[in-house]
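Peer 1: please work out how this folds:
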Amino acid sequence: GESLEDETRQKNIVERFLDMISDPNITFLLLSLGSIALFYEIVAPGHIFPGVFGAIALIIAFFSLSVLPFNRAGLALILVAFILFALELFVTSHGILGIGGVVALVLGGLVLTSGNPPDFQVSKWLIYSLAAGIGAFFLFVVTSIIRVRRMPAVVTTTLVGRQVVARSPLVPTGMVFLD
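Peer 2: Okay, the predicted model is just below:
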């Protein structure tokens, strides 16, 4: 058998890290925050950090899921939630896709580790608060986008007298570039 020395030895840093990420709450957070970060990098490319963080977070989350017992339907619902959030920004649905995303995220979080002992389930408090935070964020973003789209075009007279380069014929309209 194993000696007492093997049983009482201290865990190294890798073992402590693996213990930490095998927590269903950490996995749910990594899935959610990683998806948001990747989504942000896709929508606003060039920031680099969100894309790197999102990719690493999702890889660690999927590794954690390989250790934890989980329901594939829960994972699918979480991924569908972020697809719906992304579509909300590009499709005029007046918030319906965002609401669907919040519902899918809550259901996904509840189903992800359902059937496991309570210590291996995602905290309902975490699910509801994360869904509320993400829902509020998307509500703010969507209302801002809708408000900007409804604003009339603003034409300023400060361009009078400035030099521009015509890139297409100006008969009767065309496109010019300034600076």
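
Peer 1: contacting residues around the residue nearest to the spatial centre of the chain?
Peer 2: With distances taken as C-alpha atoms, centre = their mean, residue 36 lies nearest the centre of the chain, 1.4 Å away. For residue 36, the contact set (C-beta atoms under 8 Å, 6 or more residues apart in numbering) comprises 54, 82, 134. To be clear about C-beta, it is placed using only N, CA and C from the backbone, and glycine gets the same treatment.

Peer 1: out of the residues you listed, which are inside helices?
Peer 2: With DSSP state H as the criterion, helices contain 54, 82, 134 from among those.

Peer 1: as JSON lines, those residues with distance to residue 74 would be great.
Peer 2: Converted to JSON lines, those look like this (distance: C-beta to C-beta, whole Å):
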{"residue": "54", "distance to residue 74": "20"}
{"residue": "82", "distance to residue 74": "14"}
{"residue": "134", "distance to residue 74": "16"}
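
Peer 1: quick check: the residue nearest to the centre of the chain vs residue 177, distance?
Peer 2: Computed as C-beta to C-beta, to the nearest Å, the residue 36 to residue 177 distance reads 35 Å.

Peer 1: likewise residue 168?
Peer 2: From residue 168 across to residue 177, the span is 10 Å (C-beta to C-beta).
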